[in-house]
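Enquirer: Provided below are the primary sequence and the corresponding predicted coordinates.
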There are 2 protein chains.
Amino acid sequence: MTQTSHPSDKALVPFVSVDHMMQLIHRIGLEQMLRELAGYIEDDFRRWELFDKTPRVASHSAEGVIELMPTSDGEVYGFKYVNGHPKNMKEGLQTVTAFGLLANVDNGYPVLLSEMTILTALRTAATSAMVAKHLAPKGARTMAMIGNGAQSEFQSLAMKAICGIDTVRLWDIDSKATAKCAANLAGHGLRVVPCTSAEQAIEGAQILTTCTADKQCATILSDNMVGPGVHINAIGGDCPGKTELAPGILSRAGVFVEYPPQTRIEGEIQQMPEDFPVTEIWEVITGRKPGRRNAEQITLFDSVGFATEDFSALRYVRDKVKGTGLSHMLDLLADPDDPRDLFGMVQRAAPAEM
Amino acid sequence: MTQTSHPSDKALVPFVSVDHMMQLIHRIGLEQMLRELAGYIEDDFRRWELFDKTPRVASHSAEGVIELMPTSDGEVYGFKYVNGHPKNMKEGLQTVTAFGLLANVDNGYPVLLSEMTILTALRTAATSAMVAKHLAPKGARTMAMIGNGAQSEFQSLAMKAICGIDTVRLWDIDSKATAKCAANLAGHGLRVVPCTSAEQAIEGAQILTTCTADKQCATILSDNMVGPGVHINAIGGDCPGKTELAPGILSRAGVFVEYPPQTRIEGEIQQMPEDFPVTEIWEVITGRKPGRRNAEQITLFDSVGFATEDFSALRYVRDKVKGTGLSHMLDLLADPDDPRDLFGMVQRAAPAEM
């Protein structure tokens, strides 16, 4: 049966597997890919007003959350499936796994399916560093990396590639995580300083990145730990009931967010009153609003991750896999010769009589 | 590199392609599959109160809509991606394409990815017939099938397999669609009567199914066409601005819906006041509310398609593909040996130095 063995081109959707994504990273080079991704993400923040934006659609359970994050620029539609299950790590599973899809708005046909567990780590790091480029104090060279889990190496290398840091000071409640991160970063051109406390980690750092995974209100940074002039990149507080910073820090800082309706539910500012003033990061990127006001100001990027960042990352992957062979064609869409004849297509797929 | 060539079991997600779905249908038999699907769908309506329900998340454009339809029963999470683009047909594309996913609520890991273009046609037909079993007049043997597109054969055979109809009267604004439907239904044990008008099609029919695709308020059935005692299965009115029935019919009928918050936006009742009384179909299935009150009543299933129906269909496919070989394993999830060591996994996937 021709129909069963040769689906038409329209029926086939390119799929980028985990293996293909890893090959793509090695082909481009991780730091180059982080820089290019940051460019795509920044471009999409510049055309922020064009996007169909909605807070993510979350299904919460006792153990975690499963989310769908859709958006569209009017020509291309994208969404990401992502889970967050802090307890997974103890069972040898990823806390966060993800995949995503792009489709044509014009006809609704999917045009790319991609793994996004690795890609999410990359886009999160690229976003953090792109924002730090706008907000961190001039000449920042040292980052404290608090929380040395799956994100930590990507964050460190993105800050090196995009903001020019040369030193990372690592701390994690679990010293094995710090040892893992330090070992992974060896040979990547960063001075790596493992520390034994958060206080020690932030000594001399101009950028403080917090990325811990407990699903609870925790105080990873207390008010008295944070001096003037630093940039805080807070990425671990990303769902209701999960925060990392003492409220006192928020009160003293200029707070920058992706999409306020989502951040007020999920971010560090869930601890603050509903009218707590924030600046949307797209306004800084487009020059509508000032970013850092002076050398003494504490700037805080209260990042929860937004759908446009995934959209940018999927756009990037779509552009980059072209012609590389780094995708499988997936028989995902039924495409009968006559679109009204789905039934006939199914009938013709019957196995031949013996 | 072991990591790249052998992803762990946890990283792999079974994928049911279009070809595999068609093979599954032929292995089980279409009418048997429709009956079994109706059973799964009915079972899930019986445990309606358990589900995490939300109106679908729609992204509308001038040409159509792309929707995500998530739900969860607390143990399993599912969602469907589906588009609706009426103009696609003219370009040789499907009006509706879809795929879906099931995941474990407990850890967020996907456990099934499946084509759903064909499966949606099956679940829609199975839902229609399951509901008609509850609402249609006793001894209904003839269905008028108005709109002879991609859904029409599935609707006809589901009504035969589940409600025992023996005659379908076909009508479509395009006589080629009617000829296609009649040809496809030949040899399936139904008396098929092609008609030249909607009025002729509904003569002597106890069940009237409307399934047309124009994205506009149309009057496929006018008030004076519908006599007492029939059951109307209205499945074409399924998005804002798209209806098929004259409001007068709604006023005279007992109206049954899937999920009122969604149907009031998308269904036939979008034409009626916000407090227009409807009965939720799960209440009829569980015996909480009466269905058809008497032989003269017009019953109307204002069906827009709900996420639990897709969830039921995906559960069914998951159960049925087990052990058949009718799925590919997809390298969708990154699964490093140490969950915190995503970076190490990527590094170890580097191609060997030459």
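Expert: Yes, it's here. Bear in mind that the values here come from a model prediction, so they are computed numbers and not experimental data.

Enquirer: Flag the shaky bits of chain A, pLDDT-wise.
Expert: Chain A contains residues with pLDDT under 70 at A:1-8, A:213-217, A:237-239, A:353-354.

Enquirer: Could you break it into its assigned domains?
Expert: Per automatic domain parsing, the structural domains of chain A span A:2-118+A:308-348, A:137-305.

Enquirer: Can you tell me which of those domains is nearest to chain B?
Expert: Closest approach to chain B among those (Cβ to the nearest Cβ): domain A:2-118+A:308-348, 2.4 Å. All C-beta spots, glycine's among them, are computed from the backbone N, C-alpha and C.

Enquirer: For the stretch 101-250 of chain A, just list every one of the helices.
Expert: Using DSSP state H, counting those that start in this stretch, the helices found in the stretch 101-250 of chain A span residues A:117-135, A:152-158, A:175-185, A:198-202, A:247-252.

Enquirer: what's the most buried one of the ones you listed?
Expert: helix A:152-158 (a mean of 28; mean count of other Cβ atoms under 10 Å in any protein chain shown).

Enquirer: And that one, what does it pack against?
Expert: helix A:30-46, helix A:117-135, strand A:142-146, helix A:175-185, helix B:342-348 (3 or more Cβ pairs under 8 Å, 6 or more residues apart in numbering or on different chains; DSSP states H and E).

Enquirer: Now with 6 Å, please.
Expert: helix A:117-135, helix A:175-185 (3 or more Cβ pairs under 6 Å, 6 or more residues apart in numbering or on different chains; DSSP states H and E).

Enquirer: okay, these in CSV with distance to A:Q270 next?
Expert: Conversion of these to CSV gives the following (distance: least, Cβ to Cβ, whole Å):
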stretch, distance to A:Q270
helix A:117-135, 19
helix A:175-185, 26
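
Enquirer: near chain B, which residues of the stretch 151-300 of chain A show up?
Expert: Proximity of the stretch 151-300 of chain A to chain B is confined to A:E153, A:A177, A:K180, A:N184 under the rule Cβ under 6 Å from any Cβ of the partner chain.

Enquirer: Name the nearest of the residues you listed relative to B:R191.
Expert: Nearest to B:R191 out of those is A:E153 (Cβ to Cβ; 68.7 Å).

Enquirer: The closest residue to that closest one other than its chain neighbours: neighbour count?
Expert: Leaving aside its chain neighbours, A:E153 sits nearest to B:F343 (3.7 Å; criterion: Cβ to Cβ, 6 or more residues apart in numbering or on different chains). When neighbours are counted by other Cβ atoms under 10 Å in any protein chain shown, B:F343 registers 24.

Enquirer: residues in contact with A:V255?
Expert: A:V278, A:L300, A:D302 (Cβ atoms under 6 Å, 6 or more residues apart in numbering or on different chains).

Enquirer: And the residues you listed, which of them are buried?
Expert: A:V278, A:L300, A:D302 (16 or more other Cβ atoms under 10 Å in any protein chain shown).

Enquirer: now those residues in TSV, with distance to A:W48?
Expert: Shown next, in TSV, are the buried ones among the contacts of A:V255 (distance: Cβ to Cβ, whole Å):
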residue	distance to A:W48
A:V278	15
A:L300	20
A:D302	17
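
Enquirer: Pick out whichever of those sits closest to A:V111.
Expert: Closest to A:V111, out of all of those and judged by Cβ to Cβ, is A:D302, at 33.0 Å.

Enquirer: ok, now how distant is the spatially closest residue to A:F154 that is not a sequence neighbour from A:V304?
Expert: Excluding its sequence neighbours, the residue lying closest to A:F154 (Cβ to Cβ, 6+ apart) is A:A125, at 3.8 Å. To A:V304, A:A125 is 15 Å away according to Cβ to Cβ, to the nearest Å.

Enquirer: sorry, back to before: where strands are concerned, which of the contacts of A:V255 count?
Expert: A:L300, A:D302 (DSSP state E).

Enquirer: quick check, nearest of the contacts of A:V255 to B:T243?
Expert: A:V278 (42.4 Å).

Enquirer: Give me the most central residue, chain A.
Expert: Nearest residue to the geometric centre of chain A (Cα atoms, centre = their mean): A:T124, 2.9 Å.

Enquirer: Briefly note if stretch A:43-62 comes near chain B.
Expert: Yes. Contact of stretch A:43-62 with chain B (Cβ under 6 Å from any Cβ) involves A:D52, A:V57, A:S59, A:S61.

Enquirer: How many residues are close by the third one?
Expert: Per other Cβ under 10 Å, the neighbour tally for A:S59 reads 22.

Enquirer: cool, and the first one?
Expert: Under the neighbour criterion other Cβ under 10 Å, A:D52 is assigned a count of 16.

Enquirer: again, but for the last one
Expert: By other Cβ under 10 Å, 17 other residues sit near A:S61.

Enquirer: quick one: contacts for it?
Expert: Per Cβ under 6 Å, 6+ apart, neighbours of A:S61: B:V105.

Enquirer: follow-up on the earlier one: you'd agree the residue nearest to A:F154 is up against A:M159?
Expert: No. Counting by Cβ atoms under 6 Å, A:A125 stays clear of A:M159, with 8.0 Å between them.

Enquirer: Need the helices of the stretch 101-250 of chain A in TSV (columns: distance to A:Y316).
Expert: As requested, these are exported to TSV (distance: least, Cβ to Cβ, whole Å):
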stretch	distance to A:Y316
helix A:117-135	9
helix A:152-158	14
helix A:175-185	23
helix A:198-202	32
helix A:247-252	32
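
Enquirer: so who does A:D310 touch?
Expert: A:D310 neighbours (Cβ under 6 Å, 6+ apart): A:M69, A:K80, A:G100.

Enquirer: As JSON lines, the residues you listed with neighbour count and secondary structure would be great.
Expert: Output for the contacts of A:D310, formatted as JSON lines (neighbours: other Cβ atoms under 10 Å in any protein chain shown; DSSP: H, G, I helix; E, B strand; the rest coil):
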{"residue": "A:M69", "neighbour count": "25", "secondary structure": "strand"}
{"residue": "A:K80", "neighbour count": "26", "secondary structure": "strand"}
{"residue": "A:G100", "neighbour count": "25", "secondary structure": "strand"}
